[in-house]
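>>> when you get a sec, could you give me coordinates for this:
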Amino acid sequence: MGYENRYQGIDDYAVRIIRYKARQLVGRVGFTESDRQDLEQEMVFDLLRRLPKFKPERAQRNTFIARVVEHKVATIIEAQKAGMRDYRLCSFSLNDRFENEEGGSVERIDTINQDDYLQRTGKLSRPISDLRGLSIDVRSAVEKLPPELRKLCKRLQVESVTDISRDTGIPRGTIYESIKKLRTLFEDAGLKDYL
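Okay, here's the model as predicted:
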């Protein structure tokens, strides 16, 4: 590493306690040495934000500084354990290197299939190849629709039933009946699994 954060304008006691607390966090709750400077900066920023609230009649400055830093450390730990960021749920890093079949070294992230990742995180409902095929099948089915249903189908991609009804003057019940026809036609076109 070799680099140290410089904190000009902050008293030595504050710098010492912040560095001490950051070193304590390294190796705990998922933090590594590479996080140390970021942790220090978070604590310094929080302290600078709170220093104007210091009241000498209530406590000594060093006591105030220590409490602010300790509270920030507790907040950092709480955030690190929260839901999606919980370090305990991660058993390895995507940057870990291991030997592949050819005997070379590769990072774990290079072995992850993008489709699988997107599906597991809920950002993709089906593999990309299936979605491409679905797109072609839907386009083909839409082209075979009668003109009024084709127009409705295209509008439903970007508008709600209420908006279409308001714009066209067609009652919503009539539009819902047309949607039932669309559903039947799509099912007949072999797209039932996608509805």
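>>> distance check, the residue of the chain most remote from its centre against residue 69.
Taking C-alpha atoms, centre = their mean as the measure, the residue most remote from the mean C-alpha position of the chain is residue 57, 44.6 Å away. Distance, residue 57 to residue 69, by C-beta to C-beta, to the nearest Å: 21 Å. No exception for glycine: its C-beta is placed from N, CA and C like everyone else's.
>>> right, and the helix or strand after the least confident helix or strand in the chain by mean pLDDT?
Comparing every helix and strand of the chain by mean pLDDT, DSSP states H and E singles out helix 114-120 as the least confident one, with a mean of 71. Counting by DSSP states H and E, the next helix or strand C-terminal to helix 114-120 is helix 128-143.
>>> buried residues, that following helix. List them.
Buried residues in helix 128-143, counted by 16 or more other C-beta atoms under 10 Å: 141-142.
>>> next SSE downstream of it?
Sequence-wise, the next helix or strand downstream of helix 128-143 (DSSP H and E) is helix 147-156.
>>> please, where are all the strands along this protein?
97-99, 105-107 (DSSP state E).
>>> next, format these as a markdown table and append mean pLDDT.
Output for the strands of the chain, formatted as a markdown table (pLDDT from 0 to 100):
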| stretch | mean pLDDT |
| --- | --- |
| strand 97-99 | 80 |
| strand 105-107 | 83 |
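>>> touching stretch 136-149 from outside, list them.
Contacts to stretch 136-149, defined as C-beta atoms under 8 Å, 6 or more residues apart in numbering, come from residues 150, 153-154, 178, 181-182, 185-186, 189-191, 194.
>>> report the buried residues of the helix ranked longest in the chain.
The longest helix of the chain (DSSP state H) is helix 61-81. Neighbour counts over helix 61-81 (16+ other C-beta under 10 Å) mark 64-66, 68-69, 72-73, 76, 80 as buried.
>>> could you pull up the mean pLDDT of it?
For helix 61-81, mean pLDDT rounds to 92.
>>> which strands and helices sit next to it?
For helix 61-81, the elements it packs on are helix 12-25, helix 36-50, judged by 3 or more C-beta pairs under 8 Å, 6 or more residues apart in numbering; DSSP states H and E.
>>> dump the ones you listed to JSON lines, plus mean neighbour count, mean pLDDT and distance to residue 160.
As requested, the helices and strands packed on helix 61-81 are exported to JSON lines (neighbours: other C-beta atoms under 10 Å; pLDDT from 0 to 100; distance: least, C-beta to C-beta, whole Å):
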{"stretch": "helix 12-25", "mean neighbour count": "17", "mean pLDDT": "94", "distance to residue 160": "49"}
{"stretch": "helix 36-50", "mean neighbour count": "17", "mean pLDDT": "93", "distance to residue 160": "44"}
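>>> now those as JSON lines including distance to residue 134?
Shown next, in JSON lines, are those (distance: least, C-beta to C-beta, whole Å):
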{"stretch": "helix 12-25", "distance to residue 134": "48"}
{"stretch": "helix 36-50", "distance to residue 134": "43"}
